[in-house]
Every structure is written in structure tokens, then in C-alpha cells.
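with the input below, show me the fold.
(chains A and B)
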There are 2 protein chains.
Amino acid sequence: MSVTFPRGFVASAGTAGIKGDGRDDLALVATSDGTPVPAAAVFTTNLAAAAPVLVSREHLERSSGRAASLIVNSGNANAGTGRRGRDDAERICKEVAGLLGVESSDVLICSTGIIGKPLPIERISRALPKLVERRSDSREQAMSAASAIMTTDTRRKEVTVSAEGFSIGGMAKGAAMLAPNMATMLAVLTTDANMEPEQLRKALKNSVDRSFNAISVDGCTSTNDTVIVLASGKAGPVPYDRFEEALTEACLELAEMMVADAEGGSVVFTVEVVGAFSDAEARQAARRVTESLLVKCSMNGADPYWGRIMSELGSAGVHLVPDTLEIAYGGVVVCRGGVEVEHDGEAVKAHMSSKRIEVRCDLGIGMGRAVMKGADLGHGYIEENRGTS
Amino acid sequence: MSVTFPRGFVASAGTAGIKGDGRDDLALVATSDGTPVPAAAVFTTNLAAAAPVLVSREHLERSSGRAASLIVNSGNANAGTGRRGRDDAERICKEVAGLLGVESSDVLICSTGIIGKPLPIERISRALPKLVERRSDSREQAMSAASAIMTTDTRRKEVTVSAEGFSIGGMAKGAAMLAPNMATMLAVLTTDANMEPEQLRKALKNSVDRSFNAISVDGCTSTNDTVIVLASGKAGPVPYDRFEEALTEACLELAEMMVADAEGGSVVFTVEVVGAFSDAEARQAARRVTESLLVKCSMNGADPYWGRIMSELGSAGVHLVPDTLEIAYGGVVVCRGGVEVEHDGEAVKAHMSSKRIEVRCDLGIGMGRAVMKGADLGHGYIEENRGTS
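Below you'll find the predicted structure:
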């Protein structure tokens, strides 16, 4: 069901031949009755942001945080395409708006795929009428839409959350884990909760911080990264805190699907940092360890080399005193006070071979705590990323 | 010749069985007559710095920037070894000092190898008398010393620079390129120029910035990274500028040997950033591109995907406007104004397959310029770094 699970939304999928392999590459989400509703988005901070990001950002501003529809294409990022790329993105929004009978600025757009090539705009244009016509609140169309946004993903990513009196649905694409800086991450969420645009913005920002930003995606996002939420209001008012909690739950579920579907990855590991000077320092330290090439490699080789962890913590730019440092793999403490301690090597070995590795670092300094998830670096990643073809 | 090339220095190599394969693992450098001379060092900024770093830093302070000798062991980093590690490092310095008839604080120490295991201190202690006794200014002993400090290096790294009236010699170990954060980089330089400790410190800092810090080694150095220079003064006074220039030349040569000997790497690529807001921003942008996993992978696959370069520049935290951006591979401009331009694809392809790839990014904003060198990420790296054994 995903995006059509909450009341008030329809979806559809279509093919414009962008991917060139016959698979669907267009997805539409719209309000059932075509009226604009509160909408919020978190966009990439990349200064070379793609045309759809620039256009959607502007549309959201012009509409004061409302949208009636969202269109996504996969196979082409429409990034590195200059003025022409922005014109193309505007044209698609305008045509969708015309078909739905809304303003251009009520339509948002996302793209994912290769950078630097212009969109096959005429083919996309020809595919739009059918895409819009096909929209429905059926489970089938929502599933097709979630499939249409996939690129290197091996699995469709959908989520539904039922809460007291309201619900949330969502779909996402991305295998961001192994390619933190580049593999585009898109997520589209819908809810029938009645939220003002300002509340929606705040809830989305907080949810993204605790989910998509807690997997190994650093501040340097891709040219296209986007998370969007639309709120139909069909469920009536909802306590803000309860809504933020449910939205976080939905985002977390999608984020975890991304980690598990990391391009070429086989091991998912969790780095928990506790006892840091502050939560911010804990996050910084956890990110450092999670993104380390050598730590990623050691996860692939199931090698519990805590020296690599300590060295990354030591260069993470956070308060650290080796004398109070403790490192554990799968709950087995291997380093205490900055030196190796006697431990059950067999238990560690068994844990390391489990494909779900847990590393816990207690800095022994303060109360700061954070968790990050990452994926290993193995031969699959190299194969996946050596070339673009 | 390396470290015994300048007048006033002797060297030797020995075996303490640390590596366990019979290869030499101890190296000594000392002044010929045993007198302390001006010395300077640049140490890792890692907060989990190894015991030899802590001890050498303290010795240099106590001796007011002078040293008579330097001992290096490979095979064990003496990091993550706590109080015992510091005692071991102090004991080695004390024993070498006793054999040379100098103060403990006149002896510096470096270690490289595995983290978290105590040194086989008794075996090292037993090997010291022979190591000290064997010291000479012969080419042979200098070569043996340069071999003894190697770990995963496949080639010995030595340099000599002859300038007007003085000379510089040096040896290094490190394949830092592919493992920017962890693969320990050690360099030992000697000179017969007459330099005050303060001048020596300044010259070394500037030289390191332009050499070892211009290969893909970021601020987050390993637990053991160290560059040391000793100045015997036998050549008499030398104009400061001329000395700094020669020292930079020596460091650059050693740094380039490290890039070419990157663990598991096969392609060396250069990222030149021009037209940046400032030199500092150019350095930051060049580093970002050079260290990107996806850029490294694309170099391995000889794939001229400029979108990856643009995306890294866009998230480097520097001023960037896609409209003024130009990217070239091997002198062939593939992107101008942030969009792909017609270009000779065959010429780019030929350049990409050359194993020496040059990327030039003109940000078109200011006058800032920087160059960084990096190595590709291929299957060799994974094999080299999956495990510690």
C-alpha cells in the first residue's frame, strides 16, 4: 500500500523508456481530489543540486508549503544539465499540473539516475497523460510506483504505520550505505494526519535526523537526495508529538531497508558510541568509525581489529582519552582502558561471522550517545561502482 | 645512502624478531660523534597517539629540540598498549642512550605495525647492543635501515638532495594513499645544514604541508605518523629559504614514492583544483574529490564519470556555482558551465587507461589553487585490508 495507505492519496507508475530496459521509470503521487495539502521536504545540501531539487524547492516556497502532486523519474538524475535541466523539470511539473487541474507550483519533482545527460523530455511528456489517468488508491498502483523509483536497489522499499486515529505510508529508493556521498536517496511519505506546513517541516526534519542521517549518509549528500511528506488532513487533528514519533518510525524503517540493500554490501554493522562528551560528539565519532574504509574492510573480512576503531576515534575530532576507552564486539569487551584485555576470542569470532556486527565504544567521558549503521566494503562494491554502465 | 648522505650521521639495522619472518625490524640513526644536534618533528594529531609518539614528543621538549639518535621498530606500533607501552618505549630509549653515552631525552623513537599488542621488549633489548655497535656511515647500513622500517611497502623509499654547500638525506615507509587514516607514515630526514631548532621546526612544518599533506592523508592521521629531521650542522650556515626549499624537495620525493606504492593500488591520479575562492578552499575541494570512494572506484574502472567529481565538489563545503564549473580529464574538457560538452571521447578513454590520470577542476570563482594525489580503489585494496594477518 505504502503511499496510498493513508486516506486521501492516489498513485501510479508509467514508462517513458528512460532506463532503456522497459522497466517503469515514472511514479506519481497525488491527492485524491486534486487539492493542494500541506507538504514539507528535506533536500540535499549539495551546491551542485540537481534541477528537480531547485524546482521543487522553489515550488514549495511559492505555494507556502503546499502540494497536490509529486512526480518522480528514475534512470536520469537531471543533474549537471544546467538551464535546460531546469526548463525540463519545470515543463514536466507544468504538464502534470495541467492534467490534474492545479497550479505548476503545486507539483513537486524528483529525479534519480545518471548525472550529466539531458532528460528524454519528449518521451516523458508523451507518457504523462497515461500516468496521470492511471492514478488510483489501489495497493497495486502504490506498489508499481515504489518499483518505478528503484535504480540499483534490489528490493522495493515500502512502509506503513498505523497510529491512533491516523496513518503514514511511504516508499523509498536508495542503497546509500556503501556510497554515502553519491547514491541518491529518495523517500516519499504520505499521511492523513492534519498538520500545518510548519509542524510538518519540523516533524520531518527531526525524523530525518534520527533515521536517514543515522545511516552512513554524511552531510555531503548527493545532487538529488530528497525526502518529501504530504499531509491530506483526512484523519483530523493529531497530537504533534504522537505524529513526529510515527513519522520517525516510518523513516527509520525505510532507512534500515536501505542499509540492508546496500550496493554490493553483505554485512550490516552498527556502531554505538556511548560515554562521549556530548550527543553531537558521539554522532561525529560514530560517523567517523562507520565511514572508515579500513573499518568497512575489516567488517568484510570479519576481523575484530579494535586498533582500527581506536585510531578512528582518536582522529574523529572529539574528546578522547585512551585510558577510559572501552571497545566491544557483539557485547564482548576486547579493549578496556585503551589496551587489549583477555576475552573470549571464539565468541567474538562467531559474532563477526554473523553478517550483523555490533561495535560498542564507551569513551568513558560524558553522557553523549549515538548509533550509526553502515555496510562493509567488499569486492561487490568495487564491481558495482567501477563503471557507470 | 639516504640518511648517511649528509655529513655527520651513521645508521644501522637489526633484527629483534618482531615481524616473525626473519626480516630486519630495527633501524638506528645517530650523529657520528654522539653529540645531540638540532632536531624537529611533526607528529600525528591522533588523540590515541602511540607510546613512541608520546615519548618522543616529551624527549624533544626536555632536550629543547635536540637529539643524538633515533630508533625505529617495525612490525608492532606500540599503540593501544597503555602505561606498559610508554614504559617499554622509555626503556628502549634509555638503553640506546646508555650504549651511545647520551641522555635518554636525546633519543627519539618511532614504531609502526599492528596496534594493541605489547612489544616483545626483552627481545628488542637483547638486539640493541649489536644494533648500536653496527652503526656506520656506509651506504649499506643506510639501505638496510630503510628496508628495516618497511611494513606493507613493496619498495624501499630513500632520497638524497644535494644543494649548494649542504645536503639532505631521508628514508620513509608508508603506503598512505589508499588508507589515508590508518597506514602509518614515517619519514626520517637528516641534513648537514646548520639550522637552529626553531628554524628546523618551521622548515619541516612547511615542507610537510606541501608534501605528505598533499597526498591523500587527511588531518586524521594514524596513531603513529611521524616525520623527524636531524641537522648535524657540519656544512655550516645555510640561507633559510634555500634550506626549506631543499627539504620540501626531499619530502615531496618521499611522498610521491608513497603514492606510487599504495597498498593494493594500481592507478595514481592527480586532482588539480583551480579557480577556487581561496587556496584553502581549493585544498579542501581537492581532498574531497581525492578521498571519495566513488571517484577512487571510477579511477580503477577508468570511467570518466564527471558527475561524480561535480557531486563531490558540490558537497565539499566550498564556494561553488555549477554555471562556472569546468572539469577536464587529461586536458580534455568534458564539462563546462556545469554541463557536459562535446569532447573527444577517444582521447579521454586513452588517457583514463594510462594508470596516471589527471583531473582538473576549474571552479571559475577565484584564484585558489591546490593539487592532491590519490590512488584508485580496486580489488587489491580489499584483499590487503580485509584482515590483519
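
for A:A16, give me its contacts.
A:D25, A:L26, A:N73, A:P120, A:R123, A:I124, A:R126, A:A127 (C-beta atoms under 8 Å, 6 or more residues apart in numbering or on different chains). The C-beta positions use only the backbone N, C-alpha and C, and glycine is treated the same way.

for chain B, see how far away it is.
21 Å (C-beta to the nearest C-beta, to the nearest Å).

A:R91: neighbouring residues, count only.
When counting by other C-beta atoms under 10 Å in any protein chain shown, one arrives at 17 neighbours for A:R91.

correct me if wrong: it contacts A:E122.
No - the criterion here is C-beta atoms under 8 Å, and A:R91 misses it with A:E122 at 10.2 Å.

other residues contacting stretch A:126-145?
A:1-5, A:9-16, A:24, A:26-30, A:32, A:71-72, A:92, A:95-96, A:99-100, A:156, A:158, A:169, A:171.

buried stuff in the helix or strand that contains A:P129?
In this assignment (DSSP states H and E), A:P129 forms part of helix A:121-133. Residues of helix A:121-133 classed as buried: A:I121, A:I124, A:A127, A:L128, A:L131, A:V132 (neighbour count, 16 or more other C-beta atoms under 10 Å in any protein chain shown).

give me the next element, helix or strand, following it.
helix A:139-148.

that next one: which residues count as buried?
A:Q141, A:A142, A:M143, A:S144, A:A145, A:A146, A:S147, A:A148.

can you redo the residues you listed as a markdown table with pLDDT and distance to B:S211?
Below are these laid out as a markdown table (pLDDT from 0 to 100; distance: C-beta to C-beta, whole Å):
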| residue | pLDDT | distance to B:S211 |
| --- | --- | --- |
| A:Q141 | 95 | 60 |
| A:A142 | 96 | 57 |
| A:M143 | 95 | 57 |
| A:S144 | 96 | 56 |
| A:A145 | 97 | 54 |
| A:A146 | 96 | 51 |
| A:S147 | 95 | 52 |
| A:A148 | 95 | 51 |
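
and the helix or strand containing A:V271, anywhere near chain B?
Assigned by DSSP H and E, A:V271 falls within strand A:268-276. No - using C-beta under 8 Å from any C-beta of the partner chain, strand A:268-276 never reaches chain B; the gap is at least 12.7 Å.

which residues are contacting that strand?
A:177, A:259-260, A:262, A:282-283, A:285-286, A:289-290, A:299, A:318-319, A:324, A:326, A:355-376.

show me what the next helix or strand after it is packed against.
Proceeding N to C from strand A:268-276, the next assigned helix or strand is helix A:279-291, under DSSP H and E. Applying 3 or more C-beta pairs under 8 Å, 6 or more residues apart in numbering or on different chains; DSSP states H and E, we find helix A:279-291 packed against strand A:268-276, helix A:306-314, strand A:356-362, strand A:368-375.

just want the angle from the shortest one to helix A:306-314.
I take that to be strand A:356-362. Interaxial angle, strand A:356-362 versus helix A:306-314 (axes from the mean of the first three to the mean of the last three C-alpha atoms, to 10 degrees): 50 degrees.

tell me the mean pLDDT for strand A:356-362?
Averaging pLDDT along strand A:356-362 gives 95.

over to stretch A:4-14?
pLDDT averaged over stretch A:4-14 gives 97.

equivalent analysis for stretch A:165-174, please.
pLDDT averaged over stretch A:165-174 gives 94.

go through that stretch and flag the buried ones.
A:F166, A:S167, A:I168, A:G169, A:G170, A:M171, A:A172, A:K173, A:G174.

between those residues, which sits nearest chain B?
A:G174 (14.4 Å; C-beta to the nearest C-beta).

I'd guessed the closest one sits against A:D153; true?
Yes - contact criterion C-beta under 8 Å: A:G174 and A:D153 qualify, at 7.0 Å.

out of the buried residues of stretch A:165-174, list just those in strands.
A:F166, A:S167, A:I168, A:G169, A:G170, A:M171, A:A172, A:K173 (DSSP state E).

list the contacts for the closest residue to chain B within the stretch 1-150 of chain A?
Proximity of the stretch 1-150 of chain A to chain B (C-beta to the nearest C-beta) peaks at A:I115, 2.6 Å away. Shown in contact with A:I115 (C-beta under 8 Å, 6+ apart): A:A50, A:A77, A:A79, A:G80, A:T223, B:Y305, B:W306, B:G307, B:R308, B:M310, B:S311.
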